[in-house]
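>>> A predicted structure for the sequence below; I have some questions about it.
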Amino acid sequence: MAVIAPVWISGLLGALILAILVAMAVRWIRLPYTIALVLVGLVIGLLGDELPASENFQGLLSAEVIFFLFLPPLLFEGAAAMDLGKLARNWKIITLLAIPGVVISSIVIGVIAWQVVWPNHDNGLLYGLLLGSILAATDPVSVLALFKTLGAPKRLTVLIEGESLFNDGTAVVLFNILLVAVLATFVGQDMSVRELLVSGFVKFLFIVSIGFLVGFVGGILSNWLLVRTSDHLVEISITVALAFGTFLLAEILHGSGVIAVVVGGLMVGNHGTKFGMTATARVGLQHFWEVVSFLINSVLFLLIGYEVQSAFEFDMRTLVLATTAIVGTLVARLVIYPLSSISNRTHPNPIPWKWRHTIFWSGLRGSIPIALLLLLSNMVSDGTTFELAGIKYTTNFPEWLFNDFLVMAFSVVLWTLLVQGLTLKPVMNRLKVTGNLPENEVSYGIALAESIATKAALEKLAELSAKGMVSDEDRRLLGDVLTERLEVAESSVVELSSTSKIHHQRMESTRMELLMAQMASINEASASGLLSESVAESATKALLEKLHESQEKQEAKEDVKGGVEKTSSETSTLAEKILPGEPEISAETFEQLAPPEVDDLLESDDELESE
């Protein structure tokens, strides 16, 4: 008996193959990968019947697929790669943007939409606030996917990633609260402003607390399991179970699955991977989640482009709805300026204006608005049941209101991904947040790269010689040339180090590692009884203060210029750390980096050549 594959399998496989082809094509065109996927998806959707295979894409995206399949691994990958120490040092501005920033943005968008689109509706303000909760939060999927291809200072990256990871949780909670208020109006049960605020605040605390507790407990359990296994396959499997399990459990308990995954990812990424994983598992974990993130982002952005085009009928009302939503979203995003000013009052390293402009323009939207819209679409066709004051009600979401939401939300998604997404890199370069390194930094990086590579070649040569695979004479011939190159490279590193910012950061990082080693030795001596608790506590406190000072100095130096490291600095390659930005360096620069040609070392032998 032949087995018939589900229809969605062919659509998913087709989307994946198309995404891979796009990924290969963007190497020859200067276009961000995710933006290219959206454009291809738009073309497929617009051609419609002209492409028979396009019908396989229909129905692939749903609220359940985005929330329970796509979002957990993307959130976990971003959270696990984030440094908890840097997040803690910037907690104030991230908290301001993720909670009051989302609430204020929802209100601004809601008021603008109410006055322009639904001024004569009795509940127009509520409709606008619900739309605002859909559009207020920046999407972590979109931001993380795009910023991995752009250069940015490390602290700016932490601010953007921290905001994007947490504010969508706030937006989803706010959406659920406002949705009940809107649905109540359809059954004649209006809620007072006081009742909405009080019940909303209590519900917000409950949902966030449940999500935090689930993620915290899941993180502790995962770290405990990681310490007790050395099988790298099991260790990677534990992180997969954590990402999907915490999200599902938190949602079952009526908490925030987003918060649960982020908290669990932070705990495993900052403790479990460092102290409970083998070296093989750490490398495998990084590669595994990179592949998962690539596959999900590929399919997701392609399907977003395909779904978005279905919302538009090009008439005057569509233009009014789209313009209102885009303008309202941009005006609401201005909230980052007063909130960052509040944060700057007490932070030792204030956020510069060019960073604020970057944060403003990087407020992209993607999967979260579409997931919430798909949730509403189910309520249009199938209806929904909600509880108010202990009484259950059943109603449908009005189709006319959903159509307005659809046009406005999809317009914002398209605008942010195509306009802001395509211009984000030029904006950052114009603001000098990224760009070419000064000439001395490029020279220092080249010399450092040559030094590192040549040392590795000499170590390998010694290893091969010890095994008898290279004769003493051959080792001398190769070694003399490599040693001479190493001396030249190291002398250049020493000469350029006095004016190199990269060198200063390397030294500061080394000092931080030494401080942490000292703290660890003090704790071990105290645990073994060599030091009293009071002495150990005082010594640890003094070293901890020095560590914080060193961290603040490093951040301050990163703030001086537009940035020296890639956004994904925690997982970037050595070359990306040495030569970030986009300096004009060709392969010819390192033409002499490879070991010398054998023909240049050995005299010509006619007999050997004839053989």
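Yes, it's here.

>>> Just the endpoints, please. Distance across stretch 403-422?
28 Å (C-alpha to C-alpha, to the nearest Å).

>>> Give me the mean pLDDT for that stretch.
Mean per-residue pLDDT for stretch 403-422: 88.

>>> going forward can the numbers begin at 143, since that is how I track them
Will do, 143 is the new start, and the previous item becomes stretch 545-564.

>>> Could you pull out the buried residues of that stretch?
For stretch 545-564, a neighbour-count test (16 or more other C-beta atoms under 10 Å) marks 545-560, 562-563 as buried. (Each C-beta comes from the backbone N, C-alpha and C, glycine too.)

>>> In helices, which of the residues you listed fall?
Here DSSP state H is the test, and the buried residues of stretch 545-564 give 545-556, 563 as lying in helices.

>>> Redo these as CSV? Include distance to Gln257.
Shown next, in CSV, are these (distance: C-beta to C-beta, whole Å):
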residue, distance to Gln257
Asn545, 20
Asp546, 14
Phe547, 17
Leu548, 20
Val549, 17
Met550, 14
Ala551, 18
Phe552, 21
Ser553, 18
Val554, 17
Val555, 23
Leu556, 23
Gly563, 29
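
>>> Just the closest of the residues you listed to Phe436, please.
Closest approach to Phe436 among those (C-beta to C-beta): Gly563, at 17.6 Å.

>>> average pLDDT across stretch 471-484?
In this model, stretch 471-484 has an average pLDDT of 94.

>>> Show me what the host helix or strand of Leu600 is packed up against.
Assigned by DSSP states H and E, Leu600 belongs to helix 581-608. Judged by 3 or more C-beta pairs under 8 Å, 6 or more residues apart in numbering; DSSP states H and E, helix 581-608 is in contact with helix 614-639, helix 643-669, helix 716-720.

>>> among those, which is nearest Ala167?
Closest to Ala167 of these is helix 716-720 (C-beta to C-beta; 22.8 Å).

>>> Now the phi/psi pair for Asn538, please.
The phi/psi pair for Asn538 (degrees, to the nearest 10) reads phi -110, psi 150.

>>> Neighbours of it, how many?
Using other C-beta atoms under 10 Å, Asn538 has 14 other residues around it.

>>> and the nearest residue to it once chain neighbours are set aside, what does it touch?
Computed as C-beta to C-beta, 6 or more residues apart in numbering, the closest residue to Asn538 that is not its neighbour in sequence is Gly525, at 4.5 Å. Under the criterion of C-beta atoms under 8 Å, 6 or more residues apart in numbering, the neighbours of Gly525 are 536-538.

>>> between those, which is closest to Phe346?
Top of the list for closeness to Phe346, among those and by C-beta to C-beta, is Thr537 at 23.5 Å.

>>> Relative to Leu338, how far out is the closest one?
Distance, Thr537 to Leu338, by C-beta to C-beta, to the nearest Å: 18 Å.

>>> The two: which has the busier surroundings?
A side-by-side neighbour count of Thr537 and Leu338, using other C-beta under 10 Å, places Leu338 first with 18 against 15.

>>> Which strands and helices lie in contact with the host helix or strand of the more buried one?
Here Leu338 is covered by helix 335-369, with elements defined by DSSP H and E. Other elements packing on helix 335-369 under the criterion 3+ C-beta pairs under 8 Å, 6+ apart are helix 296-328, helix 374-394, helix 399-409, helix 415-417.

>>> What angle do helix 335-369 and the helix or strand following the shortest one make with each other?
Pointing back at helix 415-417 there. In the C-terminal direction, the helix or strand that comes right after helix 415-417 (DSSP H and E) is helix 421-450. Relative orientation of helix 421-450 versus helix 335-369 (axes from the mean of the first three to the mean of the last three C-alpha atoms, to 10 degrees): 140 degrees.

>>> buried set for helix 421-450?
Buried residues in helix 421-450 (16+ other C-beta under 10 Å): 423, 426-428, 430-431, 434-436, 438-450.

>>> average pLDDT for the helix holding Leu338?
89.

>>> try stretch 222-236
Mean pLDDT, stretch 222-236: 85.

>>> where does the spatially closest residue to Ser204 that is not a sequence neighbour land in three-state SS?
Spatial nearest neighbour of Ser204, excluding adjacent residues (C-beta to C-beta, 6+ apart): Leu516 at 5.6 Å. Following DSSP: H, G, I helix; E, B strand; the rest coil, we place Leu516 in the helix state.

>>> roughly how far apart are Leu516 and Ser248?
Remark: distance between Leu516 and Ser248 (C-beta to C-beta) = 20 Å.

>>> Which one's more surrounded, these two?
Taking neighbours as other C-beta under 10 Å, Leu516 and Ser248 compare with Ser248 leading, 26 against 18.

>>> Remind me what the host helix or strand of the more buried one packs against, helices and strands.
Per DSSP H and E, Ser248 falls inside helix 242-258. Secondary-structure packing of helix 242-258 (3+ C-beta pairs under 8 Å, 6+ apart): helix 266-277, helix 296-328, helix 458-475, helix 478-486.

>>> Next, the buried residues of that helix.
Buried, per 16+ other C-beta under 10 Å, within helix 242-258: 243-256, 258.

>>> Next one: Val322 from Val469, what distance?
28 Å.

>>> Neighbour count for those two, which is higher?
Using other C-beta under 10 Å, the more surrounded residue of Val322 and Val469 is Val322, with 18 against 15.

>>> Hmm, the more buried one is touching Phe528, no?
Yes. With contact defined as C-beta atoms under 8 Å, Val322 and Phe528 form a contacting pair (5.5 Å).

>>> what's the overlap in contacts for these two?
Counting by C-beta under 8 Å, 6+ apart, nothing touches both Val322 and Phe528.

>>> Output the below-cut-off pLDDT ranges for the stretch 543-692 of the chain.
Applying pLDDT under 70 to the stretch 543-692 of the chain picks out residues 576-584, 640-644, 690, 692.

>>> mind checking pLDDT for Thr420?
Thr420 is assigned a predicted lDDT (pLDDT) of 68.

>>> do the same with Val702
In this model, Val702 carries a pLDDT of 46.

>>> ok, the residue lying closest to Ile241 once chain neighbours are set aside - contacts?
Distances taken as C-beta to C-beta, 6+ apart put Thr312 closest to Ile241, at 5.5 Å, once the chain neighbours are dropped. By C-beta under 8 Å, 6+ apart, the contact list for Thr312 reads 240-241, 244-245, 279.
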